[in-house]
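# predicted model and sequence below, questions to follow.
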Amino acid sequence: AGGARGAQFTQFKETLAEVRLYARNKAAYDRAALRDLSLSRADLEALIPVANGTMPLIVTVRRAADILQVLRLAREEGVRIILDGVEEGWLVADQIAAANVPVLLNPISNLPGNLETRAARMQNAAALDAVGVVIAIKGNDGAHRVRETRYNAGNAVSHGLPYDAAIEAITVNPARIFGMAGQFGELRAGAAADVVIWSGDPLEPLSDAETIFIGGAEQAPTSRQFLLRDRYASGGEGAMPPAYTR
């Protein structure tokens, strides 16, 4: 949409209109008796659950004014949304709570890296939780740093988020948000037996994962770091990759 917010919202509404038109007229589409649509059949099919409100759409939005616009658009179009980012969410926390929309956030996003995040602050998670918004805390910069999720939760606690709420934000809340409540993130009969036993408070960086169960099976206490340590520590045979020994 060229980066313009107004154009993005307009394009999104037009996309939903096309998806609904396709869903009502699949036979005509198959006969090439429907007007040209901007999306492929695969995209149209994938978006039907979004258009009819059965699948939530994750919307990355940061500025308070844009958050309100997204909430209004979701209400008008009858789509379910999950807000992501939401650095200025604390400014419109009551409206997010009233819309019953969950939020994925990084609680340590507190620097105004651009004009959309001028009001970012470390108390964002606490403010959203205080008014009843269901939040899930993320890691940093992609899946390869997901281990830092617990550090972020600890930082949120130090800036006002209740401890129990922080634990929920990295366990049961993600399951609730993505429609898997009772299946993951909690210790209960019928849930996945994914359990970590820590040496201390899991939100403290110095705590170690002493025992890990995934699907009820205990996992070997190893990691890529340990494997590299064992490979290079002695400097003996096999210490160098094969390419270095040719």
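Received, thanks. Residues are numbered from 1 along each chain as shown.

# I'd say residue 196 and residue 207 touch.
No: using CB atoms under 8 Å, residue 196 and residue 207 do not qualify as a contacting pair, with a distance of 10.1 Å. From N, CA and C alone the C-beta is placed, and that goes for glycine too.

# which residues in this protein form strands?
For the chain, the strands defined by DSSP state E cover 57-61, 81-85, 103-105, 135-137, 195-198, 209-214, 217-218.

# paired strands for the last one, with orientation please.
In the sheet, strand 217-218 lines up against strand 209-214 (antiparallel) (DSSP bridges).

# please apply the same query to the third one.
Strand 103-105 has its sheet partners listed here by DSSP bridges as strand 81-85 (parallel), strand 135-137 (parallel).

# let me know the average pLDDT across the last one.
If you average the pLDDT over strand 135-137, you get 98.

# any chance of the strands of the chain in JSON lines, plus distance to residue 26 and mean neighbour count?
Below are the strands of the chain laid out as JSON lines (distance: least, CB to CB, whole Å; neighbours: other CB atoms under 10 Å):
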{"stretch": "strand 57-61", "distance to residue 26": "22", "mean neighbour count": "17"}
{"stretch": "strand 81-85", "distance to residue 26": "26", "mean neighbour count": "20"}
{"stretch": "strand 103-105", "distance to residue 26": "33", "mean neighbour count": "23"}
{"stretch": "strand 135-137", "distance to residue 26": "36", "mean neighbour count": "27"}
{"stretch": "strand 195-198", "distance to residue 26": "46", "mean neighbour count": "13"}
{"stretch": "strand 209-214", "distance to residue 26": "41", "mean neighbour count": "13"}
{"stretch": "strand 217-218", "distance to residue 26": "45", "mean neighbour count": "9"}
